[in-house]
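1. Sharing a model that was predicted from the sequence below.
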Amino acid sequence: MGEDDCTISLETLRQVFNEAINNLEERVGDVVELDEDFFWSVPREARYDPYSAPASEQLTLGQLTSSWNALKRMHATGEHMNEHTLVWVAEILQILGQPPR
């Protein structure tokens with residue numbers, strides 16, 4: 001991977017994200033109902049190692065409602081957003097990017 005491939009402009013990312021959210025809103029409206037709740041969570045060391053399949057003991061169970069409730073709480077209380085906030089957002093975005101069953 002080239003050096004430019006690893007560099008992300010946060011402003012461009014923000015613009016792309018806003019476009020994606022606007023597109024989703026145009027397609028489904030103001031509210032989205034999730035058709036899933038539990039998912040497999042893979043730790044970073046296994047997720048980004050394409051040469052080894054994760055061992056079953058590395059997998060943990062995540063829950064979208066838990067992630068969403070944490071995000072809502074942080075937003076409502078003005079709690080400081082930390083780096084894990086992006087993980088919770090990514091978990092929600094992952095399911096929104098999948099066609100419903």
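-> That came through, no problem.
2. Can you report how many residues neighbour Ser67?
-> Using other C-beta atoms under 10 Å as the criterion, Ser67 is surrounded by 21 other residues. (Glycine included, C-beta is placed from N, CA and C.)
3. Where does it sit: helix, strand or coil?
-> Classification of Ser67 into helix, strand or coil gives helix, according to DSSP: H, G, I helix; E, B strand; the rest coil.
4. The closest residue to it other than its chain neighbours - how many residues pack around it?
-> In space, not counting the residues next to it along the chain, Ser67 is nearest to Trp88; the distance is 4.0 Å by C-beta to C-beta, 6 or more residues apart in numbering. One way to gauge burial is a neighbour count; for Trp88, by other C-beta under 10 Å, it gives 19.
5. just checking, what packs against the helix or strand Trp88 falls within?
-> Under DSSP states H and E, the secondary-structure element containing Trp88 is helix 83-96. For helix 83-96, the elements it packs on are strand 38-41, helix 64-77, judged by 3 or more C-beta pairs under 8 Å, 6 or more residues apart in numbering; DSSP states H and E.
6. can you redo these as CSV with distance to Tyr51?
-> Conversion of the helices and strands packed on helix 83-96 to CSV gives the following (distance: least, C-beta to C-beta, whole Å):
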stretch, distance to Tyr51
strand 38-41, 19
helix 64-77, 29
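7. between the ones you listed, which gets nearest to Arg27?
-> helix 64-77 (19.5 Å; C-beta to C-beta).
8. Go through that closest one and flag the buried ones.
-> Within helix 64-77, the residues that count as buried by 16 or more other C-beta atoms under 10 Å are Leu64, Ser67, Trp68, Leu71.
9. So which residue is dead centre in this protein?
-> Most central in the chain under C-alpha atoms, centre = their mean is Ala90, positioned 0.8 Å from the mean C-alpha point.
10. how far away is it from Gly78?
-> To Gly78, Ala90 is 22 Å away according to C-beta to C-beta, to the nearest Å.
11. what do you get for Gln63?
-> Separation of Gln63 from Gly78 (C-beta to C-beta): 24 Å.
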